[in-house]
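Asker: Build the 3D model from these lines:
(2 chains)
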Amino acid sequence: MANLPSVGQELLDVPLPDMVAKLALGIADAQRSLDTNSVQTAVALSTTTISVVPAITETIGADGNVTFSQAAPIQMSLLQVGLNPTFYQFSEASIEVTMDIKTTTSTETSVKVGIEAKVGFSAWSASARVDVSHNRKFGKEVRGTSRLFTKLVPVPAPPRIYPELRVVDNRPPPPPPPPPPA
Amino acid sequence: MAPTRTGDSAIARQFGASIDVAATGGRSLFLVVGKGVSPRSAVASVDGQIVVELPDGVRVLALLPVAMRGTVQRHRDVALAGPVSVDPVRFARFAALLGLNGGAEPTIR
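Answerer: Numbers count the residues shown, from 1 in each chain, chains lettered A, B, ... in the order given. Down below sits the predicted model:
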């Protein structure tokens, strides 16, 4: 059994630090890709504009005719409209390693003894033969599975990804409703 | 939702390993920008639903299965598929600007 590492050694040989490092690097790469995608989305949202008519004025004439007039359209980006890029973050990661180690040893010894004697006229001969065979067999079977688990959650966008929106409404207040007819 | 087959590599094939990523979660809102063409077919290929098609014809807001974002992003017609969410405060201001703020006083004057 000197050539076979022990089960404990097999477990110690699991490249856990490498696995953790590669998982961390993989998460970092994935996080960078996600952030890049979200930033590109923010750029697309800020450069995609739609034409918005901010106000429509309905005028009812003295003769009862109704006319509509609209304010000049303004361009608003999708970011201004209220769409934000969604940012994701890896919140949890774990590695699960399962190993199934099976070692077998078998020993087989066989002894064959043969004796032969011959007797003749004034002569005799005898021989003895011993065959010994000794076999040792070592078997080893290792199965391993690893499972990587990561959890991805949406997080709020960076607070300065867009400036604060302040609205100053200088429109005159709407006229009071006409009194009900007497 | 069926797991998405991924992680196909020479090492995985050599060891006969199967690597699957089971992405949970339903649909999410995405901004999908086409490469000069409408991304409508890309959205339809993953059973997505277009919510708004912008006037330029190459940008849509669509509900997509979260697990299929990569598939849409790699589609030949798609330049960008990015997740978006609605900021309720800003959108409420926008709705009020247009007089779409429900039971509140409309801004039509």
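
Asker: Could you say which helix or strand holds the residue most central in space within chain A?
Answerer: Closest to where the C-alpha atoms of chain A average out (C-alpha atoms, centre = their mean) is residue A:150, at 5.0 Å. Assigned by DSSP states H and E, residue A:150 belongs to strand A:123-155.

Asker: Name every strand pairing with that strand and say which way it goes.
Answerer: Partners of strand A:123-155 in the sheet, by DSSP bridges, are strand A:87-120 (antiparallel).

Asker: tell me which residues of the partner strand are tucked away?
Answerer: Along strand A:87-120, these residues count as buried under the neighbour rule (16 or more other C-beta atoms under 10 Å in any protein chain shown): A:87-88, A:90. All C-beta spots, glycine's among them, are computed from the backbone N, C-alpha and C.

Asker: nearest to chain B, of those residues?
Answerer: Of all the buried residues of strand A:87-120, chain B sits closest to residue A:88, with 7.4 Å by C-beta to the nearest C-beta.

Asker: For that closest one, give me its contacts.
Answerer: A:34, A:38, A:152-155, B:83 (C-beta atoms under 8 Å, 6 or more residues apart in numbering or on different chains).

Asker: now for the lengthiest helix in chain B, which elements pack on it?
Answerer: Using DSSP state H to define each element, chain B has its longest helix at helix B:88-98. When contacts are defined as 3 or more C-beta pairs under 8 Å, 6 or more residues apart in numbering or on different chains; DSSP states H and E, helix B:88-98 sits against strand A:49-52, helix A:78-81.

Asker: TSV please, covering these and showing mean pLDDT, mean neighbour count and distance to chain B.
Answerer: Below are the helices and strands packed on helix B:88-98 laid out as TSV (pLDDT from 0 to 100; neighbours: other C-beta atoms under 10 Å in any protein chain shown; distance: least, C-beta to the nearest C-beta, whole Å):
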stretch	mean pLDDT	mean neighbour count	distance to chain B
strand A:49-52	87	15	7
helix A:78-81	88	22	5
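
Asker: now the ones you listed as TSV including distance to residue B:55?
Answerer: Listed next are the helices and strands packed on helix B:88-98 as TSV, based on distance: least, C-beta to C-beta, whole Å:
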stretch	distance to residue B:55
strand A:49-52	7
helix A:78-81	12
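
Asker: so which of these comes closest to residue A:12?
Answerer: Among the helices and strands packed on helix B:88-98, helix A:78-81 comes nearest to residue A:12, with 53.9 Å by C-beta to C-beta.

Asker: elements contacting that closest one?
Answerer: helix A:16-47, strand A:49-52, helix B:88-98.

Asker: quick one, the longest one and strand A:87-120 angle?
Answerer: By that I understand helix A:16-47. 150 degrees (axes from the mean of the first three to the mean of the last three C-alpha atoms, to 10 degrees).

Asker: Tell me if helix A:16-47 is near chain B.
Answerer: Yes - against chain B, helix A:16-47 shows contacts by C-beta under 8 Å from any C-beta of the partner chain at A:37-38, A:40-41, A:44-45.

Asker: partner residues bridging the nearest residue to residue B:39 once chain neighbours are set aside?
Answerer: Leaving aside its chain neighbours, residue B:39 sits nearest to residue B:32 (4.5 Å; criterion: C-beta to C-beta, 6 or more residues apart in numbering or on different chains). For residue B:32, the beta-bridge partners under DSSP bridges are residue B:60, residue B:81.

Asker: thought residue B:32 was touching residue B:84?
Answerer: No - assessed by C-beta atoms under 8 Å, residue B:32 is found out of contact with residue B:84, at 10.0 Å.

Asker: list residues touching both of the two?
Answerer: residue B:61.

Asker: Comparing these two, which residue is more hemmed in?
Answerer: Taking other C-beta atoms under 10 Å in any protein chain shown, residue B:32 and residue B:84 do not tie; residue B:32 has more neighbours (29 against 22).

Asker: where does the chain dip in pLDDT?
Answerer: This is for chain A. A:1-7, A:10-11, A:163, A:165 (pLDDT under 70).

Asker: actually chain B
Answerer: B:1-25, B:99-109.

Asker: any idea where the helices of it begin and end?
Answerer: So, for chain B - with DSSP H - the helices run B:10-15, B:40-45, B:69-73, B:88-98.

Asker: can I get the ones you listed in CSV with mean neighbour count?
Answerer: Listed next are the helices of chain B as CSV, based on neighbours: other C-beta atoms under 10 Å in any protein chain shown:
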stretch, mean neighbour count
helix B:10-15, 9
helix B:40-45, 18
helix B:69-73, 18
helix B:88-98, 16
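
Asker: I am finished for the moment; much appreciated.
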